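Enquirer: Predicted model and sequence follow; I will ask about them next.
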Amino acid sequence: MNHKKYILDTNTFIISYKQFYQFETFPSYWKKLSEATKDSVFLLDCIFEELIPNGKKEDDMDEMDFWLQNDFLGNHIKEKQRTDILQKYAEILQYVADSEFYNENALKKWANPKVADPWIIATACCDNCVIVTNEVSNSKLNAGSPTGDVKIPNVANQFGVSVISLFDFQKAFKFKF
């Protein structure tokens, strides 16, 4: 039994659904994901909002939307209501602002409270969670040429947060089809 706690990035749901594990072809994937999430996976409100925006009509919802609403068994975190997460979020934004690797556009993107990435890292820091994402580190960060594209693994590493791929998450939970 895996006793770690995980936060799945928005892209892990979208890519799984749209590219690899469509519901009609891989219902066992979604069932296994529901079972795996029961005690170990946390879904932040901002991720839920990215996946199913407020005001989305039922007629516009797809299978993944319904799965998230009805079958996701993980825990929900209201990250913007917790002081510890808010403080860590501010630290993360300050890091991006002060870092010689990122430019003004990077801060503008991440400072938008609807962008889940800094919230994911802040929550993972506060709750000792592993982040699951399909993003990969930018190995070409260069102080001489700052980028506007911040990647979760790079910033998470600065804050001591573990990051794994969706495939490593599936291995940890022994997904088999």
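Expert: That came through fine.

Enquirer: who's in contact with Phe13?
Expert: With contacts defined as Cβ atoms under 8 Å, 6 or more residues apart in numbering, the neighbours of Phe13 are Ile47, Leu51, Met64, Leu68. For glycine as for every other residue, the C-beta is placed from the backbone atoms N, C-alpha and C.

Enquirer: So which of these wins on neighbours?
Expert: Counting by other Cβ atoms under 10 Å, Ile47 has the largest number of neighbours within these, with 26 neighbours.

Enquirer: out of everything not next to it in sequence, what's closest to Asn105?
Expert: Gly148 (3.2 Å; Cβ to Cβ, 6 or more residues apart in numbering).

Enquirer: Would you mind confirming that the one you found makes contact with Lys109?
Expert: Yes: using Cβ atoms under 8 Å, Gly148 and Lys109 qualify as a contacting pair, with a distance of 6.9 Å.

Enquirer: residue contacts, the residue nearest to Asn105?
Expert: Listed by Cβ under 8 Å, 6+ apart, the contact set of Gly148 reads Tyr102, Asn103, Glu104, Asn105, Ala106, Lys109.

Enquirer: For burial, what's the neighbour tally of the third one?
Expert: This means Glu104. For Glu104, the count of nearby residues is 10 (other Cβ under 10 Å).
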